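*Asks:* Predicted model and sequence follow; I will ask about them next.
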Amino acid sequence: MHFLSLQSHVAYGYVGNRAATFPLQRLGHEVWAVNTVEFSNHTGYGAWRGRVAPADQVGEIVQGIEALGLLKRCDALLTGYVGDAALADVVLDTARRVRQANPRALWCCDPVLGDVDTGLYVRPGIDAFFRERAIPACDLVTPNHFELEHLTGRTVTTLDDALAAARTLLNGPRLALITSLRRADAPPDRIEMLAVGRDAAWRIATPLIGFEIAPNGTGDAVAALFSAHWIESGDVALALGKAASSIFAVLEATRAAGERELQLVAAQDRLVAPRRCFVAEAL
């Protein structure tokens, strides 16, 4: 399949396009990566160099891909971190161009805003862009626990809370994938993902792997993996199981190596054939 991915880029580490591109390529797919920022490393380190890509530059690159006649071959658009509100129109225009060329293409919107251990880390206006403009227009939205609460204005402590909050996002998307859920009514040594549609939902749980500093980029990788498996199979439960199994294997390898960055390259074989396979259950 062919993916157009508008996300951040770091020279060192694995977040954004760096977390999405290699896993998709390892699964045998083509990725046209367009970088919304060019940073030395992700901002979780507290210091970084680089800059946000100008909106007109990002738009011109997409138009260049379109001029080659490639958008009709695009199976999915992946969007993630938006470094500046000026890029909002470019993201929406890109989605319009992709759908015009291929109405069957899926738009996976990862509303990158922050996390439970960092809080909100995007510039003013980005959360409103996702809430009011991007999410209502996409097919699949993939918030983490913190982003689910922030976007919906709800506190999520139970499974019922999570399901209800996720369904409020389905004012356009066909599916909401909650990429990390820690709820009070679940075992403390587990972490979950939920895939929630209007009339059905699935849950998958994996052991919680402890880190002194949790690696960034897991949500970016999961969004890409799930999108690929869902498009390929049309089966939400199967896609959820495959994505969860692969990212668990990568996190295991990352902890074993004592590294802060996802060990996507070192664990590349486990992306394709994880040693432990987890199965999603219908709720």
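*Replies:* That came through fine.

*Asks:* count of neighbours near Val98?
*Replies:* Val98: 23 surrounding residues under other Cβ atoms under 10 Å. (Each C-beta comes from the backbone N, C-alpha and C, glycine too.)

*Asks:* Pretty sure Arg99 sits in a helix.
*Replies:* Yes: judged by DSSP: H, G, I helix; E, B strand; the rest coil, Arg99 forms part of a helix.

*Asks:* what residues are up against it?
*Replies:* Residues in contact with Arg99 (Cβ atoms under 8 Å, 6 or more residues apart in numbering) are 105, 107.

*Asks:* likewise Asp75?
*Replies:* 1-3, 102, 104-106, 231.

*Asks:* Okay, and which of those map to helices?
*Replies:* Within the contacts of Asp75, residues falling in helices by DSSP state H are Ile231.

*Asks:* Grab the longest helix from this structure for me.
*Replies:* helix 236-257.

*Asks:* Show the pLDDT at the closest residue to Arg174 other than its chain neighbours.
*Replies:* Leaving aside its sequence neighbours, Arg174 sits nearest to Asp139 (Cβ to Cβ, 6 or more residues apart in numbering; 5.4 Å). pLDDT recorded at Asp139 is 97.

*Asks:* Use 644 as the first number for this chain going forward.
*Replies:* Happy to do that; since the first residue is 644 now, the last one works out to Asp782.

*Asks:* Please export the C-alpha coordinates of stretch 779-791 as CSV.
*Replies:* Presented in CSV, the C-alpha positions along stretch 779-791 are these (Å, rounded to 0.1, in the frame of the first residue of the first chain):
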residue,chain,number,x,y,z
PRO,A,779,-14.7,15.9,12.3
ALA,A,780,-13.2,15.4,8.8
CYS,A,781,-11.0,12.3,9.4
ASP,A,782,-11.8,8.5,9.2
LEU,A,783,-9.8,7.3,12.2
VAL,A,784,-8.7,9.3,15.2
THR,A,785,-6.0,7.9,17.6
PRO,A,786,-5.7,9.9,20.9
ASN,A,787,-3.8,8.7,23.9
HIS,A,788,-5.5,8.8,27.4
PHE,A,789,-4.5,12.4,28.1
GLU,A,790,-5.6,13.5,24.6
LEU,A,791,-8.9,11.8,24.9
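
*Asks:* Run the chain-centre distance for that stretch.
*Replies:* On the basis of Cα atoms, centre = their mean, to the nearest Å, stretch 779-791 sits 9 Å off its chain's mean C-alpha point.

*Asks:* May I see the buried residues of that stretch?
*Replies:* Using 16 or more other Cβ atoms under 10 Å as the test for burial, stretch 779-791 gives 781-791.

*Asks:* try stretch 891-899
*Replies:* Buried residues in stretch 891-899, defined by neighbour count with 16+ other Cβ under 10 Å: 891-897.

*Asks:* want to throw the residues you listed into TSV with pLDDT and distance to Val658?
*Replies:* As requested, the buried residues of stretch 891-899 are exported to TSV (pLDDT from 0 to 100; distance: Cβ to Cβ, whole Å):
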residue	pLDDT	distance to Val658
Phe891	97	18
Ala892	97	19
Val893	97	13
Leu894	97	15
Glu895	96	19
Ala896	96	17
Thr897	96	13
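
*Asks:* Any buried residues in stretch 835-849, and which?
*Replies:* Residues 835-839, 844-849 are the ones in stretch 835-849 that count as buried (16+ other Cβ under 10 Å).

*Asks:* From Leu647, how far off is Ala676?
*Replies:* 8 Å (Cβ to Cβ, to the nearest Å).

*Asks:* try Tyr724
*Replies:* For Tyr724, the distance to Leu647 - Cβ to Cβ - is 16 Å.

*Asks:* Ok, Pro816 next?
*Replies:* From Pro816 to Leu647 the distance is 18 Å (Cβ to Cβ).

*Asks:* With Phe854 instead?
*Replies:* For Phe854, the distance to Leu647 (Cβ to Cβ) stands at 32 Å.

*Asks:* ok, those two, which is more surrounded?
*Replies:* A direct count of neighbours by other Cβ under 10 Å for Phe854 and Leu647 places Leu647 higher, at 27 against 13.
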